[in-house]
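Q: Dropping the sequence and predicted coords here.
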Amino acid sequence: MESYALLLAATLNAGTVLALASLGLLINEKVGIVNLGAEGMMLCAAIAGFATVVNTGNDWLGFAAGMGVGAFLALLFGLLVIWLNTNQFATGLALTLFGTGFSAFVGTSFVQAKIPERASHAIPGLADIPLIGPALFRHHPLVYLTVLLALGLIWFLYRTRTGLVMRSVGESPESAHALGYPVRRIRLLCVVVGGALCGLAGAYISVIYTPLWVEGMVAGKGWIALALTTFATWRPARVLLGAYLFGGVTMLQFHLQSAGVELPSQLLTSMPYLATIVVLALISRNPQWIRINMPASIGKPFYPGA
């Protein structure tokens with residue numbers, strides 16, 4: 001039973017990375033912008049967060065650095081695709097290629113660096129409950145804040161006027177523009193906020209999830225987060241559940257290995273990506289369901305003068 005508690009704890013830890021990045025990408029896509037640069041932003045944020053914690057010993061400063069880097073790269077992406085109308089997909093891929101190379105170059109001197117010892121984040125009293133305590137109450141505070149973020153985003157999108165405007169920009173930017181809303185500025189703000197959340201996810205990887213720096217350590221999580229937004233049909237609650245599902249699949253490979261299951265290590269390592277492909281294949285069998293939930297202007301440029 002203890003091993004299952006540890007598996008659940010690892011699932012929540014891994015799911016937090018995917019949830020943060022996916023919620024950021026969901027905010028982008030709700031206003032019609034597809035950012036394929038998540039992997040690159042997360043890598044740059046990971047080295048920024050790790051370097052900051054190595055030099056300051058403060059996790060929150062590391063998270064702030066990661067968010068700042070993610071927001072800055074998203075700002076550059078937004079200016080290119082929203083104001084200069086460059087192709088969203090090509091620009092996003094270029095951002096991923098840049099982030100992969102730049103993070104590897106900057107991170108060379110941090111490969112052997114170590115983060116200072118940190119205090120335990122166990123919740124007094126609750127953390128000592130058999131099985132439940134190790135599974136649920138010994139996580140970094142950001143794990144719990146991510147759940148609150150998803151709940152807050154649900155309220156914001158579907159219970160506030162600002163959220164309604166944001167969704168209207170994703171459904172029909174021309175109509176929103178005709179009503180006097182600054183569509184480009186709204187889209188840029190959402191892209192920057194989404195980039196900050198991707199940056200936070202990247203910093204979480206290098207500071208908490210695996211407290212070290214290794215070139216390419218994001219290891220495809222940015223792409224899984226992109227797939228997860230489609231899997232969740234652009235709903236924050238489903239994003240959160242899907243993140244934990246994929247996080248569980250990721251951690252299952254290590255659980256099976258420790259349990260002595262004789263399967264090729266390459267097959268176990270590929271499990272999260274196989275699960276992603278299977279889920280997307282199943283969803284694509286019902287394109288009408290995706291079309292109903294998908295923002296109508298997703299991936300389409302907006303020309304105010306048209």
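A: Good, I have the coordinates. Being a predicted model, the structure only gives us computed values, none of them experimental.
Q: so how far does stretch 224-244 reach from one end to the other?
A: End-to-end distance for stretch 224-244, by Cα to Cα, to the nearest Å: 12 Å.
Q: give me the low-pLDDT residue ranges for this structure?
A: Along the chain, the model assigns pLDDT under 70 to residues 1-3, 256-269, 284, 289, 305-306.
Q: now the helices: where do they sit in it?
A: 2-30, 38-56, 59-78, 88-106, 132-136, 141-159, 161-171, 173-178, 183-204, 221-231, 236-258, 265-269, 271-284, 287-293 (DSSP state H).
Q: ok, residues contacting stretch 123-131?
A: Outside stretch 123-131, the residues that touch it by Cβ atoms under 8 Å, 6 or more residues apart in numbering are Met1, Glu2, Tyr4, Ala5, Ile132, Gly133, Pro134, Leu136, Phe137, Arg138. For the C-beta atoms, the positions are set from N, CA and C on the backbone; glycine is no exception.
Q: try it again with 6 Å
A: The contact list for stretch 123-131 (Cβ atoms under 6 Å, 6 or more residues apart in numbering) reads Met1, Ala5, Gly133, Phe137, Arg138.
Q: For Arg138, see how far away the second one is.
A: The one in question is Ala5. For Ala5, the distance to Arg138 equals 10 Å [Cβ to Cβ, to the nearest Å].
Q: thinking again about what came up before, drop anything exposed from the contacts of stretch 123-131.
A: Burial by neighbour count, 16 or more other Cβ atoms under 10 Å: within the contacts of stretch 123-131 this picks out Ala5, Gly133, Phe137, Arg138.
Q: Can you tell me which of the residues you listed comes closest to Phe89?
A: Relative to Phe89, the closest of those is Arg138; by Cβ to Cβ it sits at 40.8 Å.
Q: How about the contacts made by that closest one?
A: Arg138 makes contacts with Ala122, Ala127, as judged by Cβ under 6 Å, 6+ apart.
Q: What separation do you get for it and Ile129?
A: When Arg138 is compared with Ile129 (using Cβ to Cβ), they lie 11 Å apart.
Q: do Leu97 as well
A: 47 Å.
Q: Pro182 now?
A: For Pro182, the distance to Ile129 equals 51 Å [Cβ to Cβ].
Q: cool, and Tyr209?
A: Using Cβ to Cβ, we find Tyr209 at a distance of 24 Å from Ile129.
Q: quick one, which of these two is more surrounded?
A: Between Tyr209 and Ile129, Tyr209 has the larger neighbour count (other Cβ atoms under 10 Å), namely 19 against 13.
Q: OK, contacts around the more buried one?
A: By Cβ under 6 Å, 6+ apart, the contact set of Tyr209 is Val17.
Q: just Phe63 next, same as before
A: Phe63 touches Leu200, Ala203, counting by Cβ under 6 Å, 6+ apart.
Q: do Ile298 as well
A: Counting by Cβ under 6 Å, 6+ apart, Ile298 touches Glu29, Gly32.
Q: 10 Å - rerun?
A: Going by Cβ atoms under 10 Å, 6 or more residues apart in numbering, Ile298 touches Asn28, Glu29, Lys30, Val31, Gly32, Ile33, Val34, Gln88, Gly170, Glu171, Trp234.
Q: Give me the neighbour count for Arg291.
A: Neighbourhood size, Arg291 [other Cβ under 10 Å]: 9.
Q: Quick check: Pro182 touching Phe302?
A: No - if you go by Cβ atoms under 10 Å, Pro182 and Phe302 don't touch, sitting 11.4 Å apart.
Q: So these two - more neighbours on which side?
A: The residue with more neighbours, out of Pro182 and Phe302, is Phe302; 19 against 13, by other Cβ under 10 Å.
Q: number of nearby residues for the closest residue to that one other than its chain neighbours?
A: Leaving out its chain neighbours, the residue that sits closest to Phe302 by Cβ to Cβ, 6 or more residues apart in numbering is Pro173, at 4.4 Å. Pro173: 24 surrounding residues under other Cβ under 10 Å.
Q: Pro173 contacts Tyr181, correct?
A: Yes - with contact defined as Cβ under 10 Å, Pro173 counts as touching Tyr181 (8.8 Å).
Q: Just put the helices of the chain in TSV and tack on distance to Glu117.
A: Below are the helices of the chain laid out as TSV (distance: least, Cβ to Cβ, whole Å):
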stretch	distance to Glu117
helix 2-30	19
helix 38-56	12
helix 59-78	12
helix 88-106	25
helix 132-136	20
helix 141-159	17
helix 161-171	42
helix 173-178	50
helix 183-204	18
helix 221-231	26
helix 236-258	24
helix 265-269	30
helix 271-284	30
helix 287-293	46
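Q: Nice, that's everything, thank you.
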